[in-house]
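Q: Mind folding the following:
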Amino acid sequence: MNRKIVIVGGCGHVGLPLGLAFASRGQSVRLLDIDAKKVAIVNSGQMPFMEDGAEQVLRRVIGQGLAATLDTSCLHDADAVIAVVGTPVDQHLNPTVKEVYRSIDALIDDVKDGTLLVLRSTVYPGVTKLVHDRVLSRGRVIPVAFCPERIAEGKAMKELFELPQIVASFTSEGLTAARELFGILGAEIISLEPLEAELAKLFTNSWRYLNFAISNQFYLLAQTYGLNFNRIRDAVTRNYPRMRAFARAGFAAGPCLLTVR
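A: All right, here's what the predicted structure looks like:
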């Protein structure tokens, strides 16, 4: 079945690889973005950032099943809309629900009843429920799902087809539609309740953050003794399965990891 899929924020590190993955599986994908420069780059068949294997796929599907656009009219006949725009936060890192409502109102005004609305970005616990309730308060029949992104940058074109996809919704219709949508990618589907899925994503981010953070602390400790951290790390991880998760020292955070604070 060929679905019309719109990815909001579709020219970024999360949206573009996902769009390529769906288009490579025969789906009709529109990458809706507000950045005219990125839209032009993508439509020319070039990647606006590094992603292993992505440009070859882009050149194959651009102008066929996939196109980038600034025009929101693509939302009108979409079967599924995937929002990869994160939850805005204030200066205290608290979620600003007003901005969430503004974004959702703009989306649901443009889509038809029955369209699946998928939240893909890292969100605070309870945001999916707020969006679901907002849709109901507007008298619309739009199933809302939370299906978190869990890829590593640079490995998306491999991991999107291999890593299990977590899907969650408040309705059986939404859950079925989300399972069918992400089932296109061919990976295992894991169904959770929306709050469970939100926490699963935050647990994943927090675990990675803690791994990076402790490695950086160990790096500093080794330096105080004038020792090479990498030699020690290699010694404790080599053929020793219980230390397999011991991360390398280096940069630790990005927007997703910041959200867990």
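
Q: hmm, which helix or strand of this structure has the shakiest average pLDDT?
A: Here the helix or strand of the chain ranked lowest by mean pLDDT, DSSP states H and E is helix 255-258, holding a mean of 49.

Q: Which residue, other than its chain neighbours, is closest to Val236?
A: With CB to CB, 6 or more residues apart in numbering as the criterion, Val236 has its nearest non-adjacent residue at 5.1 Å, and that residue is Met243. Glycine gets a C-beta too; all of them are placed from N, C-alpha and C.

Q: so what pLDDT did the one you found get?
A: Note for Met243: predicted pLDDT of 93.

Q: Make 217 the first number, not 1, from now on.
A: OK, 217 is where the count begins now, so the last one is Met459.

Q: How many residues are close by it?
A: When neighbours are defined as other CB atoms under 10 Å, Met459 has 12 of them.

Q: is it true that it touches Ala451?
A: No - taking CB atoms under 8 Å as the definition, Met459 is not a contact partner of Ala451, at 9.6 Å.

Q: Strands of the protein, start to end?
A: Here the chain has its strands, by DSSP state E, at 220-224, 244-248, 282-285, 296-299, 332-335, 360-362, 381-385, 405-408.

Q: Let me know which of those is tucked in deepest.
A: Mean neighbour count (mean count of other CB atoms under 10 Å) peaks for strand 360-362 among these, with a mean of 29.

Q: Quick one: mean pLDDT over that one.
A: 97.

Q: which ones are touching Gln280?
A: Neighbouring residues of Gln280 by CB atoms under 8 Å, 6 or more residues apart in numbering: Ala239.

Q: Same question for Asn427.
A: Neighbouring residues of Asn427 by CB under 8 Å, 6+ apart: Ala461, Phe462, Ala463.

Q: what's around the second one, how many residues?
A: Spelled out, it's Phe462. 14.

Q: mind checking how far it is from Val313?
A: 39 Å (CB to CB, to the nearest Å).

Q: try His292
A: For His292 relative to Val313 (CB to CB), the value is 27 Å.

Q: More neighbours: which of the two?
A: A side-by-side neighbour count of His292 and Val313, using other CB under 10 Å, places Val313 first with 16 against 12.

Q: Show me the beta-bridge partners of the closest residue to Leu323 other than its chain neighbours.
A: The shortest distance from Leu323 to any non-neighbouring residue, by CB to CB, 6+ apart, is to Val297 (6.3 Å). Val297 has these beta-bridge partners by DSSP bridges: Val222, Leu333.

Q: Identify the residues contacting Arg449.
A: Counting by CB under 8 Å, 6+ apart, Arg449 has contacts Ser431, Phe434, Phe462, Arg464, Ala465.

Q: Quote the end-to-end distance of stretch 228-245.
A: 14 Å (CA to CA, to the nearest Å).
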